[in-house]
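Student: Fold the following, please.
(2 chains, ligands or ions: 1)
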2 protein chains.
Amino acid sequence: MNRIMRLQQQVEYIREIDKLKSVLRQSLLMDASRQENDAEHTWHLAVMAVLLQEYAKEPLSDMTRILKMLLIHDIVEIDAGDTFAYDEKGYLDKREREERAANRIFGLLPPDQKEEMLELWKEFESERTAESRYAAAIDRLQPLLHNYYTEGAAWRKHGVKSSQVLARISKLSEVVPELHEYASGLIHDAVVKGYLAE
Amino acid sequence: MNRIMRLQQQVEYIREIDKLKSVLRQSLLMDASRQENDAEHTWHLAVMAVLLQEYAKEPLSDMTRILKMLLIHDIVEIDAGDTFAYDEKGYLDKREREERAANRIFGLLPPDQKEEMLELWKEFESERTAESRYAAAIDRLQPLLHNYYTEGAAWRKHGVKSSQVLARISKLSEVVPELHEYASGLIHDAVVKGYLAE
Ligand SMILES: [Ca+2]
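Tutor: Below you'll find the model as predicted:
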């Protein structure tokens, strides 16, 4: 493949993923002004991953890989849509929908970069490395902060219970124990304040 | 400082920077549906920085630092606002407004992290390292793609001329020569198509 074709494929991908800015999540912005989109959510996660690495229990050997995983982890939602964390039906075919999306979207890239992105996406989903477990933990923590600071907007809208949120963050206890403790405290406080059903 | 206070400062910062999602830029999304915000813009830059590193003329020794610089480079705009690239008046006091903002916002973090973020921000602004020159080049390329794919929406709105856009991207010729050539071609094409004044 010549250099110009390679660059055109890269630009086509850069253009395609602009659509992530229009994939809406259940979380509201912290000022509750509107729903958050996947692109800005991803930016927030990446900043958090840099700032909170001291809480990782296992040593993290490769921050670049953590950031790359986070940067692309939601791109499949351009085709597959955002599946709300507490939507049990949505989870049934989530994997299949997302794999199709990964192949189509990363497939816009030159083959070597397609492979790299697919590997990063699978690593993130698998949680089989310290880096992917840490990245996934950050992805569970951020919506909790958004829910807490919007007085449980998405929780209340969907009738989510504290036991579900506690289950959702339970993995944090192994990966980032202090953040798990902090998050558990927020959930307890959210129940006391009426943001979240017991 | 005890661990809990440290974490509270970090969370306070994470909460504060959520406001970057509400700082609007002149660029429209590539589907022209609305203005882009700084948080989603930053995500897009970070993805591009990973994908396009092969075009850097100087060796890039530290992708993590490039990503960290990009992730925080616009945070000052929470206080200072986005200054349009072709707004000469806005540029007069930009530096001063942004320095105040950097001190306030990064100052929410624990001192060691405040220092790190200030250093990263200054490095990005200075363009005195290969990594900051590359990051800044990506920050110049992305709005060009947005303008091109929206048929020059922000260019036409502000009466921007091709000579201004060419000057804006001139540094790319040293940093990422092939991307400079590609970008120059888009600008030429934009003039031909009437997206951009000669
Ligand atoms: Ca800027």
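Student: Contact partners for residue A:16?
Tutor: If a contact means Cβ atoms under 8 Å, 6 or more residues apart in numbering or on different chains, then residue A:16 has A:78, A:105, A:108 as its contacts. Placement of C-beta: from N, CA and C, glycine included.
Student: Could you double-check that the second one lies in contact with residue A:79?
Tutor: It stands for residue A:105. Yes: Residue A:105 sits in contact with residue A:79 when judged by Cβ atoms under 8 Å, with a separation of 6.8 Å.
Student: now the helices for chain A?
Tutor: Applying DSSP state H to chain A gives helices spanning A:3-16, A:38-51, A:63-72, A:77-80, A:88-92, A:94-106, A:111-126, A:130-149, A:153-158, A:162-168, A:172-175, A:177-193.
Student: Could you export those helices as CSV, including mean pLDDT?
Tutor: Supplementary listing: those in CSV, determined by pLDDT from 0 to 100:
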stretch, mean pLDDT
helix A:3-16, 96
helix A:38-51, 98
helix A:63-72, 98
helix A:77-80, 95
helix A:88-92, 77
helix A:94-106, 95
helix A:111-126, 98
helix A:130-149, 98
helix A:153-158, 96
helix A:162-168, 97
helix A:172-175, 98
helix A:177-193, 98
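Student: Please tabulate those in a markdown table, including the columns distance to residue B:13.
Tutor: Below are those laid out as a markdown table (distance: least, Cβ to Cβ, whole Å):
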| stretch | distance to residue B:13 |
| --- | --- |
| helix A:3-16 | 29 |
| helix A:38-51 | 7 |
| helix A:63-72 | 18 |
| helix A:77-80 | 27 |
| helix A:88-92 | 32 |
| helix A:94-106 | 32 |
| helix A:111-126 | 25 |
| helix A:130-149 | 12 |
| helix A:153-158 | 22 |
| helix A:162-168 | 23 |
| helix A:172-175 | 20 |
| helix A:177-193 | 14 |
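Student: Residue B:170 is nearest to which of those helices?
Tutor: Across the helices of chain A, residue B:170 has its closest neighbour in helix A:3-16 (19.3 Å, Cβ to Cβ).
Student: What angle do helix A:111-126 and that closest one make with each other?
Tutor: An angle of 30 degrees separates the directions of helix A:3-16 and helix A:111-126 when computed by axes from the mean of the first three to the mean of the last three Cα atoms, to 10 degrees.
Student: what distance separates helix A:3-16 from the centre of its chain?
Tutor: Relative to the centre of its chain, helix A:3-16 is centred 25 Å away, using Cα atoms, centre = their mean, to the nearest Å.
Student: what do you get for stretch A:73-88?
Tutor: Between the mean C-alpha location of stretch A:73-88 and the chain-wide mean there is a distance of 9 Å, by Cα atoms, centre = their mean.
Student: Please identify the buried residues of that stretch?
Tutor: Residues of stretch A:73-88 classed as buried under the neighbour-count rule (16 or more other Cβ atoms under 10 Å in any protein chain shown) are A:73-86.
Student: so of these, which ones are in strands?
Tutor: Using DSSP state E, no member of the buried residues of stretch A:73-88 falls within strands.
Student: For residue A:21, which residues are in contact?
Tutor: When contacts are counted by Cβ under 8 Å, 6+ apart, residue A:21 is found next to A:37, A:38, A:39, A:40, B:29, B:36, B:40, B:44.
Student: Output these in CSV; the columns should cover neighbour count and distance to residue B:172.
Tutor: What follows is these, written out as CSV (neighbours: other Cβ atoms under 10 Å in any protein chain shown; distance: Cβ to Cβ, whole Å):
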residue, neighbour count, distance to residue B:172
A:37, 24, 29
A:38, 25, 29
A:39, 29, 24
A:40, 24, 26
B:29, 21, 23
B:36, 24, 21
B:40, 24, 23
B:44, 26, 17
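Student: which pair in the residues you listed spans the largest distance?
Tutor: A:38 and B:36 (14.1 Å).
Student: In chain A, which residue is most central in space?
Tutor: residue A:139 (4.2 Å; Cα atoms, centre = their mean).
Student: Share the number of residues neighbouring the residue nearest to that residue when sequence neighbours are not counted, please.
Tutor: Spatial nearest neighbour of residue A:139, excluding adjacent residues (Cβ to Cβ, 6 or more residues apart in numbering or on different chains): residue A:45 at 5.9 Å. Here the number of neighbours of residue A:45 (other Cβ atoms under 10 Å in any protein chain shown) works out to 24.
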